[in-house]
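J.: got a sequence here, can you build the structure:
(chains A and B)
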Amino acid sequence: MPFLLRRILFYLAAFVAAATINFFLPRLMPGDPVALMFSSAASELPPESLEALKLTFGFVDGPLWKQYLTYLSSIFTGDLGVSVKYFPLPVTDLLGRALLWTVSLVGTATLFSFVLGSFLGMLAAWRRGSRLDVVLSVSAIFATSIPAVVTSLVALFVFGFTLGWFPTGYAHDPALDPSFSLAFLASVAHHAILPLITLCFVLTGGFTVTMRNNMINLLGQDYVVMARAKGLSDRRVMVWYAARNALLPTVSSLAIALGTVLGGSLVTEVVFNYPGLGNTLYQAILARDYPVIQGQLLVMTAAMLVSNFIVDVSYVLLDPRLKRSG
Amino acid sequence: MGQLWIGLCRNRKAFIGLAIVLLIVLVALAAPLLTEYNPAARTGRPHQPPSAEHILGTTRLGQDVWARLIYGAQTSLAVGFAAGLLITVVGTTLGIVAGYRGGKTDEVISFFTNMVLVVPNLPLLLVIASFVGQAGPMVIALILGLTSWAWGARVTRAETLSVKQRDFVKAAEMMGEPQWRIMAFEILPNVFSIVGINFIGSVIFAVITEATLEFLGLGDPNVISWGTMLYNAQKASALSVGAWWDILAPCLALALLGIGLSLLNFAVDEIANPRLRTGGRLARWTSLVKSGEGRL
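T.: This is a model prediction of the structure:
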C-alpha cells in the first residue's frame, strides 16, 4: 500500500480511537452517564434540545453497539452537539471561532521558534564544546524543563503587571470592533506579543537541542569533510552542506512538537485570558460543559492529525526514498 | 550500577541536579520541622506580604505560603515519582515485549503505541480528568501513568531491536532460556540507560502535568500541592491585586524541580555513554523515536 494511503488510514483509526474514548468515558464512570453529562443542562435547556443532545451523544434505546454507531455517525456528520453554557450555540461554531485564534497564535509561535531554534542549534553544533555551545545547550535545557504555566505566569507578572508594557488579557482591545483596519490589527498584534513570546520560550529550546544533535552527527560525514577539503567557506559548508540535511529530521519533530504546543497553548491562553481553544476549554471545564470538553478533544486530535499528515507529505517530497519503499 | 554512581558524583551537571532534587526532597520530608504553621489553617490576615512572621507571605485566605509550599512539595513529588514509575514500568514492559517477540505481538503493540502518540496528550487528560471530577493526587498519577507510556514504549522497543541481535542473547536462546528470562535478565539490563532517561523524563512530565491539571481546576482544591496553590492564587487574582508572592512561590519551586531533574537526566545520558558526550544519548533517543516515524 502506498505510504500516504497507509498514513491516512492510520489517522482515521486514531481519530475513531479518540471518539471511542469520548463515547465510553461517561459510560465507565459510576452512576448514570446521562445524569453525569447533562446534569447542568437539564435546568438550562428546553426539553426538546436536551433530547437532541442525548441523541447526538448516542444515548438512544438499544444495545451498546447501536449507541456507539449513533455517536460515530453524529461525529462524522460534523455534529458535536450544542454547548450547555452558551446554549444554543453549536459546539462546532464555538470551537471553530476559538480555533482561529489558537491556530494563528500557535502557528506563528511554532514557525518563529522553528527558525530561531534551528539557527541557534546550527551555531551550537558548528562550535560544539565552545562557550557559546555550553550557554545555548544549558539554556535550552532550562527553557524546556520549566512548565508553560510557570513561564506564562512569570511573563504576565513581569511584563504585564509590573512593567505594564503589554495588556494582561484578551486578543484585542474590547472597545474595537473586529475589522481589517490598521488600529484593530495593531491591537491584535500588541495583545499577541506576550503569549507569543511565552510560547516561543517554551518551544525554541526543543528545536535547538534537536538541531544541534542532528547536526553534530552529520559534521563527521564524508561529504562535509569533502566540502571543507575543497576549500569552501565555513559558512557555505555549515549552511548548505550540514544544516540543510540536519533539518530533515527536525521537520518530523515539528509534527510531534505540535501536540506539545497545543497543550502549552491551552495553559498560556488561560493565563493571558486569550480567546482561543484553551480558554474556551477552561470555561467549559469550570462549567462542566461536557459537549464542549469532548468536542475540543476531537478538534485538537483532528488538528494534530492534519498537521502530522502535512508533515508526512512534506517528508515524501523531501526524502524520495520513502516513495519507493512504500 | 556502581560505575553509574561514581560517574554521577564526578559529573558537575549531575551534582547540581542531584543537589537540587535532594534538597527539595529533604525539605518536603522535614516540612513539620521547618514551619510551625498548619498549611491548611488561617494563620494571618489575607494577602500579607513576606515578613519575619510569614517569610513568604500569606494567601488570600490567610494561610502561610511557605508552609503550603513545603507541604505541597510532598504531594508534587509523590505524584511525580508514582506516575513516573508507572509510566516507565508500562512503557518498558511493552517496549521490550514488542521488540523482542516481534511478529504479530509487535504489530499490535506498535499500532497502539503510535495511536496514543498522535492523540494530543493534555486534551485527552483534560477530558478524562473532567469526568473523574475533583481528582485526588494519586488518581491524577494513575491517569498520567495509563495515558503517557507511549514515548517510552517506542524508544525501548527500538533499543531492544538492536540489543536482540547481539551474541549473548543468541547464546541464551540456544541454551533454551525461557523468553521471560531473556527479556528480564538479558535485554533489560542492556537497555537500562534508556529506562533511566525515560524514568526521569516521565517524572518531569508528571510533575508539570499534575500542576497544569490542578491549575486548570481539575484537581481536588482541598489537597495542598503546587498545582492547587497556583489554582487558588489565580482564582484569587493574586497578580492583579499585587500579591506576587502567592503565585511566584509555587512557580519558582516548579521551575527549580524541573531544572534539577533535567540536569540529572542529561548527566545520566552523558555518563552512560561517554563516547557520545558531544552528541548525547538524548540525540539517539530522539533519533530512535524518529526511526519509527515512517512505519506503522
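
J.: so B:P123 makes contact with A:G295?
T.: No: with contacts counted by Cβ atoms under 8 Å, B:P123 stays clear of A:G295, the gap being 10.5 Å. All C-beta spots, glycine's among them, are computed from the backbone N, C-alpha and C.

J.: how many other residues sit next to A:T144?
T.: The local packing of A:T144 (other Cβ atoms under 10 Å in any protein chain shown) involves 20 other residues.

J.: ok, longest helix in chain B?
T.: If you go by DSSP state H, chain B has its longest helix at helix B:65-101.

J.: which elements pack onto that one?
T.: With contacts taken as 3 or more Cβ pairs under 8 Å, 6 or more residues apart in numbering or on different chains; DSSP states H and E, helix B:65-101 sits against helix B:12-29, helix B:31-34, helix B:103-118, helix B:137-147, helix B:150-164, helix B:192-215, helix B:226-235, helix B:244-272.

J.: quick one: buried residues of that helix?
T.: Across helix B:65-101, burial judged by 16 or more other Cβ atoms under 10 Å in any protein chain shown covers B:65-88, B:90-100.

J.: tell me where the stretch 151-300 of chain A has helices.
T.: For the stretch 151-300 of chain A, the helices defined by DSSP state H, counting those that start in this stretch cover A:182-219, A:222-229, A:234-236, A:244-272, A:277-286, A:290-318.

J.: now these in a markdown table, with distance to chain B, mean neighbour count and mean pLDDT?
T.: Output for the helices of the stretch 151-300 of chain A, formatted as a markdown table (distance: least, Cβ to the nearest Cβ, whole Å; neighbours: other Cβ atoms under 10 Å in any protein chain shown; pLDDT from 0 to 100):
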| stretch | distance to chain B | mean neighbour count | mean pLDDT |
| --- | --- | --- | --- |
| helix A:182-219 | 3 | 21 | 80 |
| helix A:222-229 | 15 | 13 | 85 |
| helix A:234-236 | 19 | 10 | 85 |
| helix A:244-272 | 3 | 23 | 75 |
| helix A:277-286 | 6 | 24 | 84 |
| helix A:290-318 | 5 | 21 | 82 |
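
J.: show me the contacts for residue 53.
T.: Picked chain A for this. A:L53 makes contact with A:F38, A:A41, A:L45, A:G81, A:V82, A:P291, according to Cβ atoms under 8 Å, 6 or more residues apart in numbering or on different chains.

J.: I was thinking of chain B, sorry if that wasn't clear
T.: B:G44.

J.: and it, helix, strand or coil?
T.: When classified by DSSP: H, G, I helix; E, B strand; the rest coil, B:E53 comes out as coil.

J.: now do the same for it: its pLDDT.
T.: Predicted confidence (pLDDT) for B:E53: 76.

J.: same question for B:T92.
T.: Looking at B:T92, its pLDDT is 94.

J.: is chain A contacted by stretch B:230-239?
T.: Yes: using Cβ under 8 Å from any Cβ of the partner chain, stretch B:230-239 reaches chain A at B:L230, B:Q234, B:L239.

J.: ok so, going back, specify which member of the contacts of A:L53 is nearest to B:I194.
T.: Set against B:I194, the nearest of the contacts of A:L53 by Cβ to Cβ is A:P291 (41.4 Å).

J.: show me the contacts for the closest one.
T.: Contact partners of A:P291, counting by Cβ under 8 Å, 6+ apart, are A:M37, A:L53, A:T56, A:F57, A:L80, A:G81, A:V82, A:S83, A:V84, A:V91.

J.: again, only this time at 7 Å
T.: By Cβ atoms under 7 Å, 6 or more residues apart in numbering or on different chains, the residues touching A:P291 are A:L53, A:L80, A:G81, A:V82, A:S83, A:V84, A:V91.

J.: grab the two from these that are most spread out in space.
T.: Within the contacts of A:P291, A:L80 and A:V84 form the most distant pair, 12.4 Å apart (Cβ to Cβ).

J.: how about the residue positioned nearest the centre of chain B: what's its closest non-neighbour residue?
T.: Residue closest to the mean C-alpha point of chain B, counted by Cα atoms, centre = their mean, is B:V203 at 1.1 Å. Leaving out its chain neighbours, the residue that sits closest to B:V203 by Cβ to Cβ, 6 or more residues apart in numbering or on different chains is B:G84, at 3.5 Å.

J.: sketch out the low-pLDDT regions of the stretch 1-150 of chain A for me.
T.: Along the stretch 1-150 of chain A, segments meeting pLDDT under 70 span A:1, A:40-42.

J.: residues in contact with whichever residue of it sits closest to chain B?
T.: Per Cβ to the nearest Cβ, A:S145 is where the stretch 1-150 of chain A lies closest to chain B, at 3.7 Å. When contacts are counted by Cβ under 7 Å, 6+ apart, A:S145 touches B:I204, B:G258, B:I259, B:L261, B:S262.

J.: thought the first one was touching B:L263?
T.: By that I understand B:I204. No: assessed by Cβ atoms under 7 Å, B:I204 is found out of contact with B:L263, at 10.8 Å.

J.: compare neighbour counts for these two and give me the winner.
T.: More crowded of B:I204 and B:L263, by other Cβ under 10 Å: B:L263, with 26 against 23.

J.: which pLDDT does the model give the nearest residue to the more buried one once chain neighbours are set aside?
T.: Setting aside the residues directly before and after it, B:L263 is nearest to B:G17 in space (Cβ to Cβ, 6+ apart), at 3.1 Å. We have a pLDDT of 86 for B:G17.

J.: count the residues that sit near B:G17.
T.: Number of residues near B:G17 (other Cβ under 10 Å) recorded here: 24.

J.: which residues sit in contact with it?
T.: B:G17 makes contact with B:G260, B:L261, B:L263, B:L264, B:A267 under the criterion Cβ under 7 Å, 6+ apart.

J.: measure the one residue in the stretch 51-200 of chain B that gets nearest to chain A to B:T147 for me?
T.: Nearest residue of the stretch 51-200 of chain B to chain A: B:L122, at 3.4 Å (Cβ to the nearest Cβ). According to Cβ to Cβ, to the nearest Å, B:L122 and B:T147 sit 10 Å apart.

J.: higher neighbour count, the two?
T.: Shown here are B:L122 and B:T147; by other Cβ under 10 Å, B:L122 has more neighbours (24 against 18).

J.: these two touch, right, the residue nearest to B:V203 and B:I204?
T.: No: at 8.2 Å, B:G84 does not count as touching B:I204 under the criterion of Cβ under 7 Å.

J.: what does the stretch 1-150 of chain A put close to chain B?
T.: A:6, A:10, A:13-14, A:17-18, A:22, A:25-26, A:29, A:128-129, A:141-142, A:145-147, A:149-150 (Cβ under 7 Å from any Cβ of the partner chain).

J.: which PyMOL command selects the buried ones in these?
T.: Remark: buried members of the residues of the stretch 1-150 of chain A next to chain B, expressed as a PyMOL selection using 16+ other Cβ under 10 Å:
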select buried, chain A and resi 10+14+17+18+22+25+26+128+141+145+146+147+149+150
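
J.: between the contacts of A:S145, which sits nearest B:V21?
T.: B:L261 (6.2 Å).

J.: can you count the residues close to the closest one?
T.: With other Cβ under 10 Å as criterion, B:L261 counts 25.

J.: OK, contacts around it?
T.: The contact partners of B:L261, taken as Cβ under 7 Å, 6+ apart, are A:S145, B:G17, B:V21, B:I200, B:V203, B:I204.

J.: just give the nearest non-adjacent residue to the fourth one, would you?
T.: For B:I200, ignoring the flanking residues on the chain, the nearest one in space by Cβ to Cβ, 6+ apart is B:N265 at 4.3 Å.
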